[in-house]
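K.L.:
Got a sequence here, can you model it:
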Amino acid sequence: MVAYPVTPFDASGRIDTTTLARLLDRMIGAGVDAIAPLGSTGESAYLDEREWQQVAAACIEHTRGRVPTVVGVSDLTTASTVRRAQFAERTGAAAVMVLPISYWPLTQAELRAHFTAVAESTALPVMVYNNPATTGIDMTPEFLVDLVHEVPNITMIKESSGDIGRMHRIVDLGGAGVPFFNGSNPLALRAFAAGAAGWCTAAPCLVPERIVEFWGLLRAGEDDSAAALFDTLAPLLTALVSNGLPRTVKSALRSTGLDTGDPRRPLLPLEAERARELDALVTAVNG
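P.N.:
The predicted structure is shown next:
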């Protein structure tokens with residue numbers, strides 16, 4: 001299970017690496033398998049290059065020797081994405097994750113050239129990430145599996161479309177040789193049954209012990225116990241997605257005693273009523 005931290009900001013809007021370290025320790029202490037900074041949850045799209053490097057380096061250094069770090073290196077241009085992948089490799093990341101970001105819609109040829117250039121620029125394993133809700137770019141299972149088969153270093157897929165049928169299709173096309181990770185929180189239970197190799201989620205920011213417990217039950221084959229626990233988790237997982245991850249996670253973290261600041265503009269903090277509802281869901285999960 002791969003945990004996605006938010007990027008904490010202090011009252012002046014600067015990166016708060018002290019609070020980031022506390023958040024990482026909370027998740028690692030609970031038993032997550034890996035840390036993945038600078039994805040959608042980490043507000044990577046709203047950081048300048050110096051800030052991006054600061055967060056990447058801080059996460060890699062703080063987690064080194066405890067769990068692997070999978071760094072989100074996505075940027076608008078191929079050249080910048082390549083530079084970020086190379087920075088992650090030099091700094092000690094275990095793998096990189098690449099989400100296609102573009103002002104103009106990208107053709108399959110453009111996507112293939114982009115991912116190939118990034119994969120050829122680093123010796124690190126590359127996770128290719130499909131999230132049409134945030135990018136407007138939707139890569140089919142056929143295209144994703146072909147990338148893994150044809151491009152060295154692209155070794156895994158993160159599928160976040162929310163379509164369980166696509167996960168089954170990835171397995172049909174790629175089998176065990178093409179591991180895919182579920183990136184849709186509400187589908188965690190069904191995705192594992194479909195053959196997911198892992199789960200990429202921001203939920204461990206808030207309820208790390210319960211998420212690790214659920215994932216452990218799944219891997220141990222205790223399906224009934226896992227399903228019962230998932231029934232408790234499901235309302236919180238759905239709320240995190242429906243209200244936007246940076247807003248929801250940062251809001252609820254305050255109720256757990258860890259203030260990671262507000263999301264960066266143009267994102268705004270969660271409305272007070274929704275914040276109270278979310279806090280109640282976190283409390284219900286933690287018992």
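K.L.:
For the helix or strand where M127 lies, name the packing helices and strands.
P.N.:
Here M127, judged by DSSP states H and E, is contained in strand 126-130. With contacts defined as 3 or more C-beta pairs under 8 Å, 6 or more residues apart in numbering; DSSP states H and E, strand 126-130 has these neighbours: strand 95-98, helix 108-120, helix 141-150, strand 154-159. To be clear about C-beta, it is placed using only N, CA and C from the backbone, and glycine gets the same treatment.
K.L.:
so where's the stretch 151-287 of the chain uncertain?
P.N.:
By pLDDT under 70, the stretch 151-287 of the chain has no low-scoring segment.
K.L.:
All the helices of it, residue numbers only.
P.N.:
164-174, 188-194, 208-219, 223-242, 245-255, 272-286 (DSSP state H, counting those that start in this stretch).
K.L.:
which strands and helices sit next to the shortest one?
P.N.:
Where contact means 3+ C-beta pairs under 8 Å, 6+ apart, helix 188-194 is packed against helix 164-174, strand 180-182, strand 198-201, helix 208-219, helix 223-242.
K.L.:
For these, give me CSV that also has mean neighbour count.
P.N.:
What follows is those, written out as CSV (neighbours: other C-beta atoms under 10 Å):
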stretch, mean neighbour count
helix 164-174, 18
strand 180-182, 26
strand 198-201, 24
helix 208-219, 20
helix 223-242, 17
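K.L.:
Save the helices of the stretch 151-287 of the chain as CSV, and put in distance to P100 too.
P.N.:
Shown next, in CSV, are these (distance: least, C-beta to C-beta, whole Å):
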stretch, distance to P100
helix 164-174, 16
helix 188-194, 22
helix 208-219, 28
helix 223-242, 20
helix 245-255, 19
helix 272-286, 30
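K.L.:
ok, back up a step: and the helices and strands packed on strand 126-130, which is most packed in?
P.N.:
Stretch with highest mean neighbour count among these: strand 95-98 (a mean of 26; mean count of other C-beta atoms under 10 Å).
K.L.:
Off-centre distance for that strand?
P.N.:
10 Å (C-alpha atoms, centre = their mean, to the nearest Å).
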